[in-house]
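Trainee: For reference, the sequence and a predicted model appear below.
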Amino acid sequence: MSAAPRTAPVSHAPGATSSPPPSTNAQPLSHPSAGAPGGPPPASPTTLALASFLRHNGALKMRQGVLNGKRADFFRCKRALRALQSPAYVKAQKKKGSLLPPITTEEEAIVAFRALPVSSLAIRVEKLTRKSLATKRAAALAAGGPAGAAAAAKLPPESALSKTKGVPTLVFVREQVVAADDELYYVWIWEQVQLRIYLYAGLGAATVFAIVLFPLWPPIMRLGVWYLSMGLLGLIGLFFVLAIVRLVLFCVTYFATPPGLWIFPNLFADVGFVDSFIPTYAWNVKSEKKKKKGAAVGEEKVTASVSAVVAEDDE
């Protein structure tokens, strides 16, 4: 008989919606900075080392969600606990100068991970769907009174939910429970500054500096830039001419020889540069196929309805 998963509830995220903990064993734990005007305590070097190890760890299988109107990476808590007990963590912890704490059991992993929400590096969230939103609103209204009406008013409207498939809407949860549970999700609030960001910033500054010093360039370099700019302007003009010509040709062929002929039909499609010019031409038959498919579906529905009526008459 397997033991129940260990849980360790921690801080309360400010401004979060309340949600019952997934385990009856969870007991509220006071935040170290409760009542302090400065907010959460600063992260210790050990906590930052844990966050650096987990932030871009492939074992977490992070996904993107919409939190407060912005994209954010979220993950299951149980995957983070597994990563803290993995051989990769043991190897990283034994490196010289490593600040990672030794972890050998699930209880030690829970204690270590609990430092992330305490320092507001990762906060517990839940996925909000249309069904769960309707359930929360109905429960709040059923409670009655001003408190229930206020709780229902705080819920986001259905139109605010993410419309992108595979990118759910996330909301903060007040009870920050840490456990190896499938329904516990955490979102990253902390973003590790990577070296490539500094490289891009340096490259951008160097480019601006080079443009400012353009009058001091050698004459041959300035002449080369002029020819290059004229070539780019010519390509842009050719693109506009091609778009106009293909539109005029389609309008003519649409009435002369329906359903119309497109030159470079994938020119404005969401494909690569080379694929935009493949094929060279094609007839506009997509809409016709959709109409035929819709008509076939309608015929199937009518046939099914007639069959149902005939069966009822036979009975």
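Mentor: Good, I have the coordinates.

Trainee: what about Met62, neighbour count?
Mentor: 21 (other CB atoms under 10 Å). No exception for glycine: its C-beta is placed from N, CA and C like everyone else's.

Trainee: Please name the residues that touch it.
Mentor: Neighbour list for Met62: 73-75, 188 [criterion: CB atoms under 8 Å, 6 or more residues apart in numbering].

Trainee: Ramachandran angles for the closest residue to Gln93 other than its chain neighbours?
Mentor: Residue nearest to Gln93 in three dimensions, not counting chain neighbours: Leu100, with 4.1 Å by CB to CB, 6 or more residues apart in numbering. With angles defined as degrees, to the nearest 10, Leu100 sits at phi -70, psi 130.

Trainee: Assumed Lys127 was part of a helix.
Mentor: No. Applying DSSP: H, G, I helix; E, B strand; the rest coil, one finds Lys127 to be strand, outside a helix.

Trainee: looking at it, it is touching Val187, isn't it?
Mentor: No. The criterion here is CB atoms under 8 Å, and Lys127 misses it with Val187 at 10.5 Å.

Trainee: in stretch 242-252, what's buried?
Mentor: 246, 250 (16 or more other CB atoms under 10 Å).

Trainee: any idea of the mean pLDDT in it?
Mentor: Mean per-residue pLDDT for stretch 242-252: 93.

Trainee: re earlier: higher neighbour count, Lys127 and Val187?
Mentor: Val187 (19 against 15).

Trainee: can you tell me the helix or strand for the closest residue in space to Lys61 that isn't next to it in sequence?
Mentor: Once flanking residues are discounted, Lys61 sits nearest to Arg79: 6.1 Å by CB to CB, 6+ apart. In the assignment (DSSP states H and E), Arg79 maps to helix 77-84.

Trainee: Show residues contacting the following helix or strand past that helix.
Mentor: Counting by DSSP H and E, the next helix or strand C-terminal to helix 77-84 is helix 87-93. By CB under 8 Å, 6+ apart, the residues outside helix 87-93 that reach it are 53, 59, 83, 98, 100-103.

Trainee: Let's see which of those end up in helices.
Mentor: 53, 83 (DSSP state H).

Trainee: how near is Ala49 to Phe264?
Mentor: 53 Å (CB to CB, to the nearest Å).

Trainee: Also Ser159?
Mentor: 37 Å.

Trainee: for Arg63, same thing?
Mentor: 36 Å.

Trainee: What of Leu81?
Mentor: On the measure of CB to CB, Leu81 and Phe264 end up 53 Å apart.

Trainee: So those two - more neighbours on which side?
Mentor: Leu81 (24 against 17).

Trainee: What lies in contact with stretch 146-157?
Mentor: 17, 128, 133, 136-137, 140-143, 169, 171.

Trainee: Report pLDDT for the closest residue to Val285 other than its chain neighbours.
Mentor: In space, and not counting its chain neighbours, Val285 is closest to Pro259: 6.0 Å by CB to CB, 6+ apart. Looking at Pro259, its pLDDT is 87.

Trainee: count of neighbours near Pro259?
Mentor: Neighbour tally, Pro259, other CB under 10 Å: 14.

Trainee: go on, Gly272?
Mentor: 10.

Trainee: Correct me if wrong, but it is in a helix.
Mentor: No. Using three-state DSSP, the assignment for Gly272 is coil, not a helix.

Trainee: First-to-last residue distance for stretch 275-284?
Mentor: Length of stretch 275-284, first residue to last, CA to CA, to the nearest Å: 18 Å.
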